[in-house]
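Enquirer: Turn this into a model:
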Amino acid sequence: MTDFGIAYSGTSDSYNIILKDFTEESIPRTYSNENGLSVGLAGSTILTGPSYAQKRIWAISAVVDKETALDIDAMFRSWDEDRSNGVAAACGIVDRTFGPDVSADVIFSTAPSFQYINKNYIVVSFGLTEV
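Expert: This is a model prediction of the structure:
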């Protein structure tokens, strides 16, 4: 199954959205790539990076019906309002696009943008970062 679910339960409403029709064949999930490799003065190899597993990031672009696009917009606005009011706001996701299912808590790292295909369908694009 290749779908992506995102849910948010905020102070005002709850949302649960499943995306299935992506605009690209590429996998929307990757890693933040915070590690590095360098060579010390004595010529030894030095591996740098955080002392925790690298976070995953998602670049989502999907075709949705107008109602789902409005739900995504409302979910983002609810999340953003909670975040701006100091609430520890995070969405939950289940990613079934590649390999074993991934469940994670995420934040919006790029706000949703919307593009009409026709009066019934819209392309929605946004970014998420694991917390």
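
Enquirer: three-state assignment of the residue of the chain most remote from its centre?
Expert: For the chain, the largest distance from the centre (CA atoms, centre = their mean) belongs to Ala42, which lies 41.5 Å off. Secondary structure state of Ala42, per DSSP: H, G, I helix; E, B strand; the rest coil, is coil.

Enquirer: And the one 4 residues further on, by the same measure?
Expert: In terms of secondary structure, Ile46 is strand; the call rests on three-state DSSP.

Enquirer: So it is in contact with Val39, correct?
Expert: Yes: Ile46 lies in contact with Val39 (CB atoms under 8 Å); the separation is 7.0 Å. Just so you know, the C-beta spots here come from the backbone N, C-alpha and C atoms, and that holds for glycine as well.

Enquirer: Spell out which residues are contacts of both of those two.
Expert: Counting by CB atoms under 8 Å, 6 or more residues apart in numbering, Ile46 and Val39 have no contacts in common.

Enquirer: Surely Ser78 is in a helix?
Expert: Yes: checked against three-state DSSP, Ser78 lies within a helix.

Enquirer: Work out for me the element Asp82 sits within.
Expert: Element membership for Asp82, per DSSP states H and E: helix 66-84.

Enquirer: For that helix, give me every contacting residue.
Expert: 6, 8, 10-13, 15, 17, 64, 89, 91, 107-108, 111-112, 114, 119-122, 124, 126.

Enquirer: any idea how far Thr48 is from the residue farthest from the centre of the chain?
Expert: 16 Å (CB to CB, to the nearest Å).

Enquirer: tell me which residues of stretch 118-129 are tucked away?
Expert: 122-124, 126-128 (16 or more other CB atoms under 10 Å).

Enquirer: Mind putting the residues you listed into TSV with secondary structure, distance to Asp80 and pLDDT?
Expert: Formatted as TSV, the buried residues of stretch 118-129 follow (DSSP: H, G, I helix; E, B strand; the rest coil; distance: CB to CB, whole Å; pLDDT from 0 to 100):
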residue	secondary structure	distance to Asp80	pLDDT
Ile122	strand	19	98
Val123	strand	21	98
Val124	strand	16	98
Phe126	strand	12	98
Gly127	strand	14	98
Leu128	strand	13	98
